[in-house]
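J.: what follows is a predicted structure for the sequence shown.
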Amino acid sequence: MSSNFNKPLFFVGVIPDETLQNKIQELKHYVKDTYHSSHSLNAPPHITLLSPFRTDADHTQELHLLLEVFAQAYEPFEVSLDGFATFPPRVIFIDVDKSEPLMTLQEKLEELARSKEELFSYGYKERPYHPHMTLAFKDLTKANFHRAWKEFKDREFDESFKVDKLSLLKHDGERWEVEKEFELGK
């Protein structure tokens, strides 16, 4: 049995349409240039539904099948993004409306992950889910967090997008890339 760190690292999320992705990427670049926090650029703009987990490379096909069947049970829905918020002292994000379809999708996906431990190795503590799109974290200093939050706390951001697929993202050692997408309701 190989060590857990030799297994590929994945997470499941939803990614907005290309126009909105570009708008959010611009914000991430602004945060990088102004507040010296670039870590969020290692993944496309997304809302995490299932935190990073590792699985054996030979279980990837089974994981794909399971997520495909799971996604088919849910209909597409709209997600609203509304302003900015924080997880002090390092995270600044675009806030996401906790709509019933989004919260249910996340809850059921987490239940699935916990029930299929051999595929997901999902040992995270249960905690309330707060959907968000990260702009800055990890490499944002506390001083820059306070400076950035002073700027973003009253800034407007009012967008929405249709969630019509789940994305499985895989870490390639440097960044997160979409490995496979699973259409909702198909």
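T.: All right, it came through fine. Numbering: from 1, shown residues only.
J.: those strands in this structure, which residues are they?
T.: Along the chain, the stretches classed as strands by DSSP state E are 9-14, 47-54, 77-87, 91-96, 132-136, 158-163, 165-171, 176-183.
J.: could you identify which of these is most buried?
T.: Sort the strands of the chain by mean neighbour count, taking mean count of other C-beta atoms under 10 Å, and strand 132-136 sits at the top with a mean of 24. Just so you know, the C-beta spots here come from the backbone N, C-alpha and C atoms, and that holds for glycine as well.
J.: how distant is that one from the center of its chain?
T.: 9 Å (C-alpha atoms, centre = their mean, to the nearest Å).
J.: cool, and stretch 143-151?
T.: 23 Å.
J.: could I get that stretch in CSV with only the CA atoms?
T.: C-alpha atoms of stretch 143-151 as CSV (Å, rounded to 0.1, in the frame of the first residue of the first chain):
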residue,chain,number,x,y,z
ALA,A,143,-1.3,43.4,7.4
ASN,A,144,-2.4,43.0,3.8
PHE,A,145,-5.6,41.2,4.9
HIS,A,146,-6.6,44.3,6.9
ARG,A,147,-5.6,46.7,4.0
ALA,A,148,-7.5,44.6,1.4
TRP,A,149,-10.6,44.2,3.6
LYS,A,150,-10.8,47.9,4.1
GLU,A,151,-11.0,48.2,0.4
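J.: list the contacts of that stretch.
T.: Val31, Thr34, Tyr35, His36, Ser37, Thr86, Pro88, Pro89, Arg90, Ile92, Ala136, Leu140 (C-beta atoms under 8 Å, 6 or more residues apart in numbering).
J.: which residues of this structure score low on pLDDT?
T.: Applying pLDDT under 70 to the chain flags the ranges 1-5.
J.: circling back: and the strands of the chain: which comes nearest Glu111?
T.: Closest to Glu111 of the strands of the chain is strand 47-54 (C-beta to C-beta; 10.6 Å).
J.: between strand 158-163 and the closest one, find me the angle.
T.: 60 degrees (axes from the mean of the first three to the mean of the last three C-alpha atoms, to 10 degrees).
J.: good, wrapping up.
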